[in-house]
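Asker: following is a predicted model, sequence given first.
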Amino acid sequence: MDHVGRWNGAAIIALVTLVLAAFAAAAPASARTLVLDLELEDSSGEPPAADHAERLKRVSAELRHALDAKGYDVIDDAATAQLTARLVPPGTAIRSCNGCELDIARAAGADLVVYGIVRKVSSLILWIGLVVEDVATGRVVTTARGDIRGDNETSWSRGVGWLVDHRLAEHAPGKR
C-alpha cells in the first residue's frame, strides 16, 4: 500500500471518530425529566373508590423513583403542584389540556415530561398509559401502555414497574 492509501484510511478513521464524538456530545447523558401525577379515567360506572386519589399519588411517586433509577434525571416534584394549579384550567385533565404539560415542564426547567393515565374499565380490567415528550420540540419520544388486572395497589404498582422496566428504560437519556 502506498502513502496515499494509508493517509486516506487514517483520514477516514479520524473523520468517523470526529462524527461519533459530535453525536455523543449532542446526546445528553442526562435530561431533566418532569413526571406529572398520573390521572384516573373511570368508565366502569362503579361508584368512585375513596382511595383512588391517594393511590394515584403513591403510584406516581413510584413512577418517579423507577424512572430515576433507570437513568432519567427526575426533577423533585415539590413545585409541580403549584405549577400545575397555575397552568392547567380547573377540571382539565393533563392528557387533554392542549400542551399545558409542556408549559409546566418548561416552567420547571425540564427537558422531558412524562404523564399518563390509569384507565378503569371495571374492577378487573384496567390499563396504564404513559407518554414521554421532548419539551423543546413537543415531539413524543415514546409511549407505553400495559393492561393490568385488579383495581388495587398491587396491580397498579406492578403495572407501572413493568412499563418502566420493559418500555421506558430503553428510552432513558443517554440510551437514545
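Answerer: Received, thanks. This is a predicted model, so every value here is computed, not measured.

Asker: does Lys175 really touch Ser30, like I thought?
Answerer: No - the pair Lys175 / Ser30 is not scored as a contact, 10.9 Å apart, by Cβ atoms under 8 Å. The way it works is simple: take the backbone N, C-alpha and C, and place the C-beta from them, glycine included.

Asker: shared neighbours of these two, anything?
Answerer: Gly71 (Cβ atoms under 8 Å, 6 or more residues apart in numbering).

Asker: partner residues bridging Val74?
Answerer: Counting by DSSP bridges, Val74 is bridged to Thr33.

Asker: ok, it - how many residues close by?
Answerer: Applying other Cβ atoms under 10 Å, we find 21 residues neighbouring Val74.

Asker: what's the pLDDT at it?
Answerer: For Val74, the model assigns a pLDDT of 95.

Asker: quick check: it vs Ser123, distance?
Answerer: Per Cβ to Cβ, to the nearest Å, Val74 is found 31 Å from Ser123.

Asker: also Ala61?
Answerer: Counting by Cβ to Cβ, the separation of Ala61 from Ser123 is 24 Å.

Asker: equivalent analysis for Lys57, please.
Answerer: Applying Cβ to Cβ to Lys57 and Ser123 gives a distance of 21 Å.
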